[in-house]
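Asker: here is my input, please return the structure:
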Amino acid sequence: MFYLFICSNRNFHLSDFLCRGFSKEDTSCRTNQSNKGKVVILDLWATWCPPCRKEIPGFINLYKKYKDKGLEIIGVAFDENGQEVVPPFMKAMGINYPVYLDGGDIAMKYDLQAYPTTIVYGKDVKAASKHVGYVSEEEFENELRELLKKKEGPFYSF
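Answerer: Predicted structure coming up:
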């Protein structure tokens, strides 16, 4: 099992971004304020990406297990025909967390180099880690447990 974990000096802010929602009644992107005090996994992926497909069941399980304990997962799909391919993919996979389509600038904003790219944010809305490539459910869970234990720090809007 191979994955690449990158720590960067670059700050990956969980800021507002333009996207179109495909979650049940949720059609607007989450804002910083709505994520305050939560650990957030931002998963940048595509339906045609095999490592992305392999990683998604782990996110489904983690969301079931930790959503009531302060975890939010936000998926952003980068499919060219997203309006057509993402909703049936979500249904087939049983995705239980919000997924949005890239609104055009997310790849640049988050320095997307490869799929999947996953950024994990602490309760203070600051990036705790950035992962490029497949990461197992167990590895994410170990990281989440530590972040969920931490008390909420100061919150800054940007």
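Asker: only C-alpha atoms for contact and neighbour calcs from this point on.
Answerer: OK.
Asker: wait, Val120 touches Val40, no?
Answerer: Yes: the pair Val120 / Val40 is scored as a contact, 5.8 Å apart, by C-alpha atoms under 8 Å.
Asker: what residues are up against Asp68?
Answerer: By C-alpha atoms under 8 Å, 6 or more residues apart in numbering, the contact list for Asp68 is empty.
Asker: with Lys38 instead?
Answerer: Taking C-alpha under 8 Å, 6+ apart, one finds 70-72, 122-125, 148 in contact with Lys38.
Asker: show me just the buried residues among these.
Answerer: Neighbour-count burial (16 or more other C-alpha atoms under 10 Å) is assigned, among the contacts of Lys38, to 70-72, 122-125, 148.
Asker: now intersect those residues with the helices, please.
Answerer: Among the buried ones among the contacts of Lys38, DSSP state H puts Leu148 in helices.
Asker: buried ones in whichever helix or strand Lys54 is part of?
Answerer: Taking DSSP states H and E as the criterion, Lys54 maps to helix 50-66. Buried residues in helix 50-66, counting neighbours by 16+ other C-alpha under 10 Å, are found at 51-53, 55-60, 62-63, 66.
Asker: so, low pLDDT: which residues of the chain?
Answerer: 1-33, 103-104, 152-158 (pLDDT under 70).
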